[in-house]
Structure formats: C-alpha cells, structure tokens
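Trainee: Got a sequence here, can you build the structure:
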Amino acid sequence: MSELLGWRAATEAALYGPGGFYRRPEGPGAHFRTSVHASALFAEAVARLLCRIDEALGRPETLDFVDMAAGRGELAAGVLAALPGSVASRARGYAVEVAARPEGLDHRIEWLPEPPVGITGLLFANEWLDNVPVDVVEVDSAGVPRLVLVGPDGHERLGEPVSGAAARWLARWWPLPAEEGLRAEIGAPRDEAWASAAATVGRGLAVAVDYAHTAGSRPLFGTLTGFREGRETTPVPDGSCDITAHVALDACALPGGRVLSQREALRTLGISGARPPLALASTRPAAYVRALARAGEAAELTAAGGLGDFGWLLQPVGTPLAGLLVDVPDHEEQ
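Mentor: Numbers count the residues shown, from 1 in each chain. Next comes the predicted model:
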C-alpha cells in the first residue's frame, strides 16, 4: 500500500509539487470559475476600491496592486485596465503565482513567486486561502478527534489523535462534539499564511475573498472537496484535480480586521444587480441591452447561495477602514 499522509502534506504535493495541479499550463480557469472569470465587473469593483485607497493615502507617488494566487494574471490585468488615467500612470501591478508567467500578459505586471514587501496600496487574494493546504480531522468511535490520513488514490484511514497546536486551534475555532464521523479542517496554516501576506502591506489594505464560514456556522462534516474541468469531484491527491476547503475567515482576521459578505462589499463598490429602467429600452435600446447584461453579471456576483455569499476579510494597514467601503466602521473587529 502507498504511504498515507495527512491531507495537508498530500495536498501540498498534489497542488504545488513538480507536475502539480497549479503548475499546469492551462491554469485554474480551465477547471473552475471564480468571480474574476464570471464578469469584468469584479475587476472594475476592485479597481474602484484601489482608487479609494489611493485617495485615503493622499495619492502616493506609486500605488501598488498585488494579485495573490493570480492564476494567469486575469485580475491584475483587469484592474490595471479599469483604472482612470490619473491613477493608472502611478500604478504598479504584481501577480503572485507558483506557475510560470503566461505569454501576452500586460508588461506592467511583474510576475513573482512571493508578494513584494512594503507595498503602498492593495493586496488582493481572491480564492487563495482555500488552496492553502490544511489537515483534516475526524471524530472516532470513542469521541476523540484524529488526524485523517490519505493515500494518492484518495483512500483514507484515521491516524493519531490531534495534539499540540492543532488541538488548541481546534478547541478555539472549531470545537467538535464527541460524535463519531464529525469532521473539521485545522485552519492554522491559513491564519499564518494570511498574517504573512498582510504583513507585506506597508500602508493600505489587504483583502482575502473566499468560500468561508465563521464560528457558530461551521459545517458538521467539513468542506474538503475537489474540482476538475468545471465539475465538483471527489478530492484525490494525485495532481489530477483541485483540492479545496472553505476558510474560517474569522480565525484568520488580525486586529482591526472585518469580515463582510461579497454581496455587501460589492454593493458598496457600485455592483448591485439592479435592472436598468424599462424606459431606457424605448429611448436607447442598445444602451438598455448593455445595461441589462451588466445587471445580469452583477446579479451573479452578488447572488445569495452563490458568489454573493463569499466572505471578504478586510485588513487595513496604516489607514482607516471607514471610507474605503461605505458603511464599514473602522472600529469594528472580529
């Protein structure tokens, strides 16, 4: 039998090792659809947020935008294209990704394996933390949470009881009742990854957008799953599929951080999904059709039960959160 590993180690190798899923030339966009791929409105909204940060920082000489887990640089390119000229002339784009730089990417975007340090502006991590590998635990017949081990074919068995820092994280953020079969994902590696990414912001804002859950609404059987060619599938750590799990964003939040839904965040950035007035159809039919298409795209980005339920973790650094997103007071913390 092949060696069994914890899900964190197995996922790390399957996604990021030699020949791993995220090193494939087609990119993640060939396997699943994020908000970035759903509509250019998403990049426009992020560009609008970057402009607000620019104003809050007093229009610095250079304004940085960092796209974490950039895929093939789609968001970074979209944000730079959506900026008004007065801001675009000072903007610098960075795409952070393990894969090689794609051909034809905007020359203004620097391709990096790690985020630059001391940026002034916005670090934006769209669906990054859900791909930071985590261990999975399951409660055994005696009511004890144990590490779940997995083989390259997806076969699982229970390992040792959870102990040490992992047990402390579980007790603090995802306490499990002593009922056989209940599962959780140990999110400590994501907390550490987010703290490290946010620390690269000198002044501005760090934002993480992801599938999320918070205390009081943790799923009973965990969220580990896979995606391949646009379909959800059984997670198998052999490099053939994406392996992902929802993020405990409240655990990731640093002091001063705030979690909103994507619906709330995008509406404050002018993306509401409201239909255009019907009168426009008779006076300017072409404009009505364009506005109706945009409304449909906005509705998908803000839909309940879909992309609108994603969490946005907002982490201000050296600037108040209030004013960057309307109706978000800067004194609230998670």
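
Trainee: Domain map for the protein?
Mentor: 31-133+187-211+246-272+301-317, 135-184 (automatic domain parsing).

Trainee: Tell me how far the first one lies from the chain's centre.
Mentor: For domain 31-133+187-211+246-272+301-317, the separation from the chain centroid amounts to 8 Å (computed by C-alpha atoms, centre = their mean, to the nearest Å).

Trainee: Name every sheet partner of the one helix or strand residue 206 maps to and say whether each one runs parallel or antiparallel.
Mentor: Counting by DSSP states H and E, the element that carries residue 206 is strand 201-210. Looking at strand 201-210 with DSSP bridges, its partner strands are strand 119-126 (parallel), strand 311-317 (antiparallel).

Trainee: Using PDB, list the CA coordinates for the shortest one.
Mentor: As requested, C-alpha coordinates have been extracted for strand 311-317 and formatted as PDB (Å, rounded to 0.1, in the frame of the first residue of the first chain):
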ATOM      1  CA  GLY A 311     -16.500  36.200   2.600                       C
ATOM      2  CA  TRP A 312     -14.300  39.400   2.200                       C
ATOM      3  CA  LEU A 313     -11.800  39.700   5.000                       C
ATOM      4  CA  LEU A 314     -10.700  43.400   5.100                       C
ATOM      5  CA  GLN A 315      -7.400  44.100   6.900                       C
ATOM      6  CA  PRO A 316      -6.400  47.800   6.900                       C
ATOM      7  CA  VAL A 317      -2.800  48.800   7.400                       C
END
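
Trainee: neighbours around residue 148, how many?
Mentor: By other C-beta atoms under 10 Å, 21 other residues sit near residue 148. Where C-beta positions appear, they are placed from N, C-alpha and C, glycine not excepted.

Trainee: Which pLDDT value belongs to it?
Mentor: pLDDT recorded at residue 148 is 98.

Trainee: now the closest residue to it other than its chain neighbours, which residues is it bridged with?
Mentor: Once flanking residues are discounted, residue 148 sits nearest to residue 136: 4.2 Å by C-beta to C-beta, 6 or more residues apart in numbering. With DSSP bridges applied, residue 136 shows beta-bridge pairing to residue 185.
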